[in-house]
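> show me how the following folds:
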Amino acid sequence: MNILDENIPESQRQLLRGWRIPVRQIGLDAEVKGIKDREIIPYLLHLRRVTFFTLDSDFYRRELRHPRYCLVCLDVGKQEAAAFIRRVLNHPEFTTAVQRMGTVMRVSSSGLVVWRLRVEKETRLNWPD
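As a prediction, the model looks like this:
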């Protein structure tokens with residue numbers, strides 16, 4: 001399941017749906033509007049194989065790694081969010097939810113920086129050609 005934070009614009013949500021990428025968004029169809037950041041992680045723990053996309057860099061912390069979810073912090077402009085979400089979901093190392101679980105990643109135009117479970121160093125990945 002792909003969950004979008006409230007900070008992802010509606011236009012980007014619609015683009016994803018137009019590309020047939022199933023998403024739910026905090027405040028619309030995934031949880032009450034205005035949920036606090038500190039309440040997001042407990043909410044994700046109640047779900048199965050969830051990938052959470054946000055523009056909030058506060059979620060890029062290695063201590064937030066957990067086998068039940070993936071956190072993706074988008075370090076891009078708001079109007080680029082959908083394109084980068086699609087790029088993450090199509091990246092050869094993250095095409096399935098199982099591959100994404102246990103990771104916290106920061107996504108930018110230059111690539112991905114990933115914290116993985118049981119790995120003490122960040123991994124840097126490039127975008128495929």
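> what helix or strand is residue 114 on?
Using DSSP states H and E, residue 114 sits in strand 111-116.
> tell me the secondary structure for residue 89?
Three-state call for residue 89 (DSSP: H, G, I helix; E, B strand; the rest coil): helix.
> now swap in residue 106 and tell me
Applying three-state DSSP: residue 106 is strand.
> tell me the contacts of residue 129?
Applying CB atoms under 8 Å, 6 or more residues apart in numbering, we find residue 129 in contact with no residue. C-betas here are computed from N, CA, C, even on glycine.
> re earlier: mind listing the strands the strand holding residue 114 pairs with, and their directions?
Strand pairing for strand 111-116, determined by DSSP bridges: strand 103-108 (antiparallel), strand 123-125 (antiparallel).
> would you reformat those strands as TSV and include distance to residue 12?
Below are those laid out as TSV (distance: least, CB to CB, whole Å):
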stretch	distance to residue 12
strand 103-108	14
strand 123-125	23
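> pick the most buried one from those strands.
strand 103-108 (a mean of 21; mean count of other CB atoms under 10 Å).
> give me the contact list for that one.
Contacts of strand 103-108 with the rest of the structure, by CB under 8 Å, 6+ apart, involve 57, 59-62, 64-65, 70-76, 84, 87-88, 94, 112-117.
> mind putting the strands paired with strand 111-116 in a markdown table, mean pLDDT and distance to residue 36 included?
Below are the strands paired with strand 111-116 laid out as a markdown table (pLDDT from 0 to 100; distance: least, CB to CB, whole Å):
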| stretch | mean pLDDT | distance to residue 36 |
| --- | --- | --- |
| strand 103-108 | 98 | 19 |
| strand 123-125 | 96 | 30 |
